[in-house]
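Visitor: coords please:
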Amino acid sequence: MVDDLHIGLGHVAATALSANKDTTMALQIDTDLCPVYAPFFGAMGCTAAIALTCIGAAYGTAKSGVGVSAMAVLRPDMMMKCVIPVVMAGIIGIYGLVVSVLISGGLTSPMPLYTGFIQLGAGLSVGLAGLAAGFAIGIVGDAGVRGAAQQPRLYVGMILILIFAEVLGLYGLIVALILNTGATVSYDCILK
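Guide: Presented below is the predicted three-dimensional model:
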């Protein structure tokens, strides 16, 4: 049984729920604090997290892979040693996957708008940081493995630069995790 009630601040839908012959009333509030479109922002954060980090990882993998392929023609003995940029670029996508799964676990149908915005911010922070890290890893990996093929002493320097590029994505992951833990508020969109 669904009764629609109009209250001063917004629309309240009263839903009668029956469980084990007991009838309880749950009120779902549709106000400025809990609009029906609030989960959209959380879903966009989830999408941004996985999509942007995977774009960065794909670019880094492709750009580094081109450098590894060109280097392998000159020095096939260094092939396995110089695959590290490709592996590091692939790790960026995992950061987005972790945040995307956490955000999707927090999506509910009636949710505060604050939570949706925080989830969007978390997804964008890891997504954009992962995109930048993937670009940096791809460019450094391409030039680094080509240089290491000609001068093997450049290998250690390339690895250090790759670590600094990878940590950019890690910063985005840390910020996203901190934001996502603050996404839950004490305000509930369902009155009981």
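Visitor: chain center to stretch 38-51, what's the gap?
Guide: 9 Å (C-alpha atoms, centre = their mean, to the nearest Å).
Visitor: just stretch 34-41 next, same as before
Guide: Distance, centroid of stretch 34-41 to centroid of chain: 19 Å (C-alpha atoms, centre = their mean).
Visitor: kindly report the same for stretch 34-53.
Guide: Taking C-alpha atoms, centre = their mean, the mean C-alpha location of stretch 34-53 is offset from the chain mean by 10 Å.
Visitor: mind giving me the domain ranges of this protein?
Guide: Following automatic domain parsing, the chain resolves into domains at 1-31, 38-186.
Visitor: wait, Ala72 touches Met79, no?
Guide: Yes. Using C-beta atoms under 8 Å, Ala72 is in contact with Met79, at 4.7 Å. Bear in mind the C-beta positions are built from the backbone N, C-alpha and C, glycine included.
Visitor: who's more crowded, those two?
Guide: Set Ala72 next to Met79 and count neighbours by other C-beta atoms under 10 Å: Ala72 wins out with 17 against 14.
Visitor: picking up where we left off before, looking at the domains of the chain, which is buried most?
Guide: domain 38-186 (a mean of 20; mean count of other C-beta atoms under 10 Å).
Visitor: for it, the averaged confidence score.
Guide: Averaged across domain 38-186, pLDDT comes to 93.
Visitor: Leu33: what secondary structure?
Guide: Counting by DSSP: H, G, I helix; E, B strand; the rest coil, the backbone at Leu33 sits in coil.
Visitor: quick one: contacts for it?
Guide: 112-114, 187, 189 (C-beta atoms under 8 Å, 6 or more residues apart in numbering).
Visitor: assumed Asp188 was part of a helix.
Guide: No. Counting by three-state DSSP, Asp188 is not found in a helix; it is coil.
Visitor: which residue, other than its chain neighbours, is closest to the residue nearest the centre of the chain?
Guide: With distances taken as C-alpha atoms, centre = their mean, Ala49 lies nearest the centre of the chain, 2.5 Å away. Nearest residue to Ala49, sequence neighbours excluded (C-beta to C-beta, 6 or more residues apart in numbering): Gly123, at 3.8 Å.
Visitor: quick check: that neighbour vs Met71, distance?
Guide: 36 Å (C-beta to C-beta, to the nearest Å).
Visitor: can you check Pro110 too?
Guide: Applying C-beta to C-beta to Pro110 and Met71 gives a distance of 55 Å.
Visitor: likewise for Cys54?
Guide: 25 Å.
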